[in-house]
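1. no FASTA, just this:
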C-alpha cells in the first residue's frame with residue numbers, strides 16, 4: 001500500500017496484493033511504483049489545468065462578445 005501524494009495532499013492510495021510470489025514488492029519495485037504513481041498524478045493535474053484553461057477560454061469568448069455588442073451599440077448611438 002503506497003500513498004499517492006501531490007503538493008502535500010493525499011490524492012489516493014495505491015494498493016497492490018500478490019500472494020503467489022514472496023518478495024514481489026521489494027523496495028526497488030516499490031520505488032518504481034512510486035515514480036509511476038507520481039507521473040500519474042502529474043498527468044492528472046495537467047488534465048485538470050487544461051480543463052480549467054478551456055473553461056476560462058469559453059468565458060473569455062462570452063465576455064468578448066458582450067463587450068463587442070456594447071461597443072457596437074454605443075457607436076451606433
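-> Looks like it came in fine. Because the structure is predicted, anything quoted here is derived from the model rather than measured. Residues are numbered from 1 along each chain as shown.
2. distance of residue 64 relative to residue 46?
-> Separation of residue 64 from residue 46 (C-beta to C-beta, to the nearest Å) stands at 26 Å. The C-beta positions use only the backbone N, C-alpha and C, and glycine is treated the same way.
3. state the distance from the residue most central in space within the chain to residue 77.
-> The centre of the chain sits closest to residue 45, judged by C-alpha atoms, centre = their mean, with a distance of 2.0 Å. In this view, residue 45 and residue 77 are 48 Å apart by C-beta to C-beta.
4. and for residue 2?
-> Distance, residue 2 to residue 77, using C-beta to C-beta: 65 Å.
5. mind giving me the packing neighbours of the helix or strand containing residue 70?
-> Here residue 70 sits within helix 27-76, counting by DSSP states H and E. Under the contact definition 3 or more C-beta pairs under 8 Å, 6 or more residues apart in numbering; DSSP states H and E, helix 27-76 sits against strand 2-6, strand 9-14.
6. other residues contacting the longest one?
-> For strand 9-14, the surrounding residues in contact (C-beta atoms under 8 Å, 6 or more residues apart in numbering) are 1, 2, 3, 4, 5, 33, 37, 41, 44.
7. ok, and the closest non-adjacent residue to the second one?
-> Which is residue 2. Closest residue to residue 2 apart from its sequence neighbours, by C-beta to C-beta, 6 or more residues apart in numbering: residue 14 at 4.5 Å.
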